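Chemist: Mind folding the following:
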Amino acid sequence: MPPPPPSPEPVYYFAPTNKIADAFKWAYTDFVQMADGSDHVPLQDRQDRSMRRSFRNTWFKHKDEPSYVYLCGAKTALGQGDQAVTGMSEASYNYSFVYSAVTSTEGAKITVPHELGHQFDVDEPDTDHVDMYAYNDEPLNTQPNPDYVEHRNHSNTDLCIMDYEFFGTIAEFCDLCISRIRNHADPI
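Modeler: From the prediction side, this is the model:
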């Protein structure tokens with residue numbers, strides 16, 4: 001008897017979203033999953049910007065409404081080896097991608113809230129730690145980056161989740177990011 005045919009590649013990415021509430025709790029921002037299929041995150045191949053935007057324009061039901069963010073999975077990351085990124089976001093288009101090829105389950109638990117943080121413009125030019133390395137020659141770490149400033153998370157137990165030097169397990173934003181998230185979510 002021949003072996004069964006191989007199962008088809010998955011078309012959905014089951015994103016570990018359990019750290020989102022922890023990360024955003026001090027910003028008083030809630031994420032509510034929509035009922036119609038939100039537990040299935042679309043899994044795409046590696047896409048360039050125009051392909052991601054086309055996908056968004058075709059498939060995202062509330063693409064032009066504020067307060068909606070779309071989380072997508074992608075099989076192949078941008079970059080390779082130490083230069084591979086685990087996620088990317090475009091806040092003006094309300095989407096974030098998490099790259100399953102380079103993100104372990106534990107890593108994705110951190111990558112998901114990090115990428116969603118970008119939806120709240122925490123990376124304004126004067127935010128001197130978002131997506132920035134402490135050294136200009138990662139991973140050698142011999143040339144300090146003069147622009148890098150360490151920001152501790154709200155509980156002062158680790159670095160801010162938006163910091164590229166963050167490798168911890170406590171997914172929490174620093175007070176500067178929390179302030180930006182609050183102002184972006186509810187500009188009073």
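
Chemist: Residues contacting the top helix by length along the chain, please?
Modeler: Of all segments of type helix in the chain, defined using DSSP state H, the longest is helix 105-117. Counting contacts by Cβ atoms under 8 Å, 6 or more residues apart in numbering, the residues outside helix 105-117 that touch it are 15-20, 22-24, 31, 69, 71, 86-89, 96-98, 100, 103, 130, 161-162, 166, 168-169, 171, 173, 177, 181. Backbone N, C-alpha and C define where each C-beta goes, glycine included.

Chemist: Among the residues you listed, which ones are in strands?
Modeler: Assigned to strands by DSSP state E, the following of those qualify: 71, 87-89, 96-98.

Chemist: Which two of the residues you listed have the greatest separation?
Modeler: 71 and 88 (11.7 Å; Cβ to Cβ).

Chemist: Find residues that contact each of the two.
Modeler: 96-97, 115.

Chemist: export the residues you listed to JSON lines and tack on pLDDT?
Modeler: Listed next are the shared contacts of residue 71 and residue 88 as JSON lines, based on pLDDT from 0 to 100:
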{"residue": "96", "pLDDT": "85"}
{"residue": "97", "pLDDT": "80"}
{"residue": "115", "pLDDT": "87"}
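
Chemist: Please report the distance of residue 55 from residue 74.
Modeler: 10 Å (Cβ to Cβ, to the nearest Å).

Chemist: between these two, which one's more packed in?
Modeler: Legend: neighbour count by other Cβ atoms under 10 Å for residue 55 and residue 74, higher for residue 74 (23 against 17).

Chemist: Could you give the bridge partners of that one?
Modeler: Beta-bridge pairing for residue 74 (DSSP bridges): residue 44, residue 99.
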